[in-house]
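Asks: compute the structure for the input listed below.
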Amino acid sequence: MADLNTLDANIDCPVIDDNVTCWMLDQGAPPLFICAAADRLQDKPAFFAWVREHQDQLDALLMRFGALVFRGFPLVTADDFDEFAALYPPYAKGYVGGASPRAKVTGKVMEATRLAPQFKISLHQEMAYLKTYPPRIAFFCLTPAESGGETIIASMREFTRRLPESIRARLEEHGVRGVRNYGPAGQSHGGMAKHIDDKGWDEGFNTSDKAEVEKICLDMGMEPNWNADGSLTVVTYTDAFTAHPITGENFYRNILHSNYVGYENFAQDNKALEDARVHQKFNTGYALGNGVPLTREESRVLENNLDDLTVAWDWQAGDVMLLDNLQIAHGRNPFKGPRETLVALLN
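Replies: Here you go, the predicted model:
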């Protein structure tokens, strides 16, 4: 994994105007840092006006790099981030059917996740287990962790290019079968989640009405299965690749690669997860659409490719990262100390 915290001023970067300086961690690779020049754009209305004025150029840079990091601008609070996010159209479906335990903070802004800090979150595109997804996603660093806690990223264009042909052919033929589980209604408690299935279905679907959940599942192409303890198992069949809405380029978009490593991390010495699995019709996990999982060796090839492409750097308070959700996967390193990272789903 590349851990690159020193920006190289000698790399040839795009020029926007004299209000900002652009930097890259590695030439031509994501992310592109857009930093406030000295004493420039330190007034919030002026910064937001600058973003609106340069929207087309910023959109083009996002298409080119897949990830932009805005640094040194007057964004301090969750409300500031909500104002920034409002410069972009929101993702209309929101986080309904989402897997990660998270709560609304303000406006369209949510917690990034409440998964306990000892867990590494594997690289993934947001909501890649669903047929529909937010085209863009923004993160905001409110409080960086004492150590660790980086929001890691990787190029899915390069990951797609590196797919072994034997795996690609089966993905194209069969697609992906995903199983996810939610705890009983009322299980979500607002604290750190003990494991990936530690989220009540009422929080996951924003309703405590089972009939409404079943309607949402039908609309979103999910098969709901109610378990005896009141928990919910959903099964989804998706294509393994998605065409980019602007370029038409096909990107790997699913989380089959995390089937082993993700749940091995969460399951280790985790009695709460073991107890939950007893009641689930199917345990959370991913396989080809014909029900056959990748072998551990095949999965390891994909994991190694992602590890090789992973980029990490230290968050700074006030940083905003904007991602193209097809081009770039994201995850989280384990951390110590308080950490507050917020997220907004965008069109």
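Asks: now do the strands in the stretch 101-250 of the chain.
Replies: Assigned by DSSP state E, counting those that start in this stretch, the stretch 101-250 of the chain shows strands spanning 104-106, 109-111, 121-124, 136-143, 147-148, 153-155, 176-182, 222-226, 232-238, 241-243, 250-252.
Asks: what would the ones you listed look like in CSV with distance to residue 280 and mean neighbour count?
Replies: Any C-beta I mention is one placed from the backbone N, CA and C, and that applies to glycine too. Formatted as CSV, the strands of the stretch 101-250 of the chain follow (distance: least, CB to CB, whole Å; neighbours: other CB atoms under 10 Å):
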stretch, distance to residue 280, mean neighbour count
strand 104-106, 27, 14
strand 109-111, 25, 20
strand 121-124, 20, 22
strand 136-143, 28, 22
strand 147-148, 31, 16
strand 153-155, 30, 24
strand 176-182, 5, 24
strand 222-226, 9, 16
strand 232-238, 5, 21
strand 241-243, 28, 17
strand 250-252, 27, 21
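Asks: of all the ones you listed, which one comes closest to residue 39?
Replies: strand 136-143 (22.1 Å; CB to CB).
Asks: residue 197 is in contact with residue 187, isn't it?
Replies: No: in terms of CB atoms under 8 Å, residue 197 does not count as a neighbour of residue 187; the distance is 9.5 Å.
Asks: of the two, who's got more company?
Replies: residue 197 (25 against 19; other CB atoms under 10 Å).
Asks: read off the pLDDT value for the more buried one.
Replies: Here, the pLDDT recorded for residue 197 equals 80.
Asks: look up the closest residue to it, ignoring the ones flanking it.
Replies: Computed as CB to CB, 6 or more residues apart in numbering, the closest residue to residue 197 that is not its neighbour in sequence is residue 181, at 4.3 Å.
Asks: tell me which residues touch the residue nearest to residue 136 when sequence neighbours are not counted, please.
Replies: In this structure, residue 136 finds its nearest non-sequential neighbour in residue 346, 4.1 Å apart by CB to CB, 6+ apart. Residues in contact with residue 346 (CB atoms under 8 Å, 6 or more residues apart in numbering) are 85, 88, 89, 90, 91, 134, 135, 136, 137, 138, 322.
Asks: just the buried residues out of those, in ChimeraX syntax.
Replies: Applying 16 or more other CB atoms under 10 Å to the contacts of residue 346, the buried members can be selected in ChimeraX as follows:
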select :85,88,91,134,135,136,137,138,322
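Asks: and the contacts of residue 346, which is closest to residue 306?
Replies: The closest of the contacts of residue 346, once distances to residue 306 are taken by CB to CB, is residue 137, at 17.9 Å.
Asks: check which helix or strand covers residue 317.
Replies: Using DSSP states H and E, residue 317 sits within no helix or strand.
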